[in-house]
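# sharing a sequence plus its predicted fold:
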Amino acid sequence: MTKHEFQKLAQNILLLDGATGSNLIAAGMPRGVCTETWVLEHKEIMQNLQRAYMDAGSRIIYAPTFGANRASLSLHNLEDHIKEMNTSLVSLSKEAADGRAFVAGDITTTGKMMEPAGDLTYEDAFEIYKEQISLLYEAGADLIVAETMINIEETLAALDAAAQVCDLPVLCSLTVEADGSIFSGGNAVEAALALESAGASAVGINCSVGPDQLVSVIRNIKESVSIPVIAKPNAGMPFIDDQGNALYSMGPADFARHMKVLVENGASVIGGCCGTTPEYIYETAKILQLK
């Protein structure tokens, strides 16, 4: 997919997929394991979830490469398997998509703090992202998504790395508080402006909170940038049950109603994050008359 093709696609409402991790846990993935390894050992579970999202209306599905960067894989002593893992994870998603949806190579924060709060330099982050994005591009990803980012500088490093190794569209979404503030400092509007200037094809928010808490944030981003705005929130706010499971406060119909409000306030690239399922995407597609 070229950047121009993405912009044409995003002129209308573009429906992403929903959560991956919370659905894999519900399907039996133990906490604390390397998600990417578990997915490769349970390929059919991941593909069935992706097919369900496409049936619900998703036009873009995320390959399960979220934590498949060298820094994160090193926590499981798997950094030497980075090429085969990224290649296989994109391949299983493209097989599931079977031409029905575009496949995004999914990247996220390294998990390390950037200088001066931590010891991760811009150059280190750049090299980590350059390696993974090169592998995702070679594996046939249609676009790149940098999601659940918590630092503007780290996200800029990912954008710069992508520009050096490919010409794919890069969508950037940060996780923020309800007031738009970013964990590591700054706010969503500042980040959106910086990322647009650096070449992002779309900017916005994912994870964070429920859609009901993001209306002003999305509106402020839309008023500040000229590229499409992403909204991929959680299914409301989580609470922990007696067994330690995260349960979310918002059902599919309520989620869809609030997503419609986000669209009315400027979001055009939309989906769901933690706690959402294919039913959430289906209800969102239905209320927006995309089905």
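Yes, it's here.
# now do the strands in the stretch 51-200 of the chain.
Ranges of strands in the stretch 51-200 of the chain, per DSSP state E, counting those that start in this stretch, are 60-62, 102-107, 143-149, 170-174.
# looking at those strands, which is buried most?
strand 170-174 (a mean of 30; mean count of other C-beta atoms under 10 Å). (C-beta placed from N, C-alpha, C; glycine too.)
# for residue 215, which non-adjacent residue is closest in space?
Nearest residue to residue 215 in three dimensions, chain neighbours excluded: residue 265, at 5.5 Å (C-beta to C-beta, 6 or more residues apart in numbering).
# what distance do you get for that neighbour to residue 58?
For residue 265, the distance to residue 58 equals 22 Å [C-beta to C-beta, to the nearest Å].
# these two: who's more crowded?
Taking other C-beta atoms under 10 Å, residue 265 and residue 58 do not tie; residue 58 has more neighbours (28 against 19).
# give me the neighbour count for the nearest residue to the more buried one once chain neighbours are set aside.
Closest residue to residue 58 apart from its sequence neighbours, by C-beta to C-beta, 6+ apart: residue 17 at 4.4 Å. Per other C-beta under 10 Å, the neighbour tally for residue 17 reads 26.
# quick one: secondary structure of residue 17?
Per DSSP: H, G, I helix; E, B strand; the rest coil, the local secondary structure of residue 17 is coil.
# contact partners for it?
Residue 17 makes contact with 50, 53, 58, 60-62, 271-272, 281, according to C-beta atoms under 8 Å, 6 or more residues apart in numbering.
# JSON lines for the residues you listed, including distance to residue 180 and pLDDT?
As requested, those are exported to JSON lines (distance: C-beta to C-beta, whole Å; pLDDT from 0 to 100):
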{"residue": "50", "distance to residue 180": "31", "pLDDT": "98"}
{"residue": "53", "distance to residue 180": "28", "pLDDT": "98"}
{"residue": "58", "distance to residue 180": "27", "pLDDT": "98"}
{"residue": "60", "distance to residue 180": "25", "pLDDT": "98"}
{"residue": "61", "distance to residue 180": "28", "pLDDT": "98"}
{"residue": "62", "distance to residue 180": "24", "pLDDT": "98"}
{"residue": "271", "distance to residue 180": "20", "pLDDT": "98"}
{"residue": "272", "distance to residue 180": "20", "pLDDT": "97"}
{"residue": "281", "distance to residue 180": "25", "pLDDT": "98"}
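# all the helices of this protein, residue numbers only.
Under the criterion DSSP state H, the chain contains helices at 3-9, 21-26, 35-41, 43-56, 70-73, 82-97, 122-139, 152-165, 188-197, 215-222, 252-264, 278-287.
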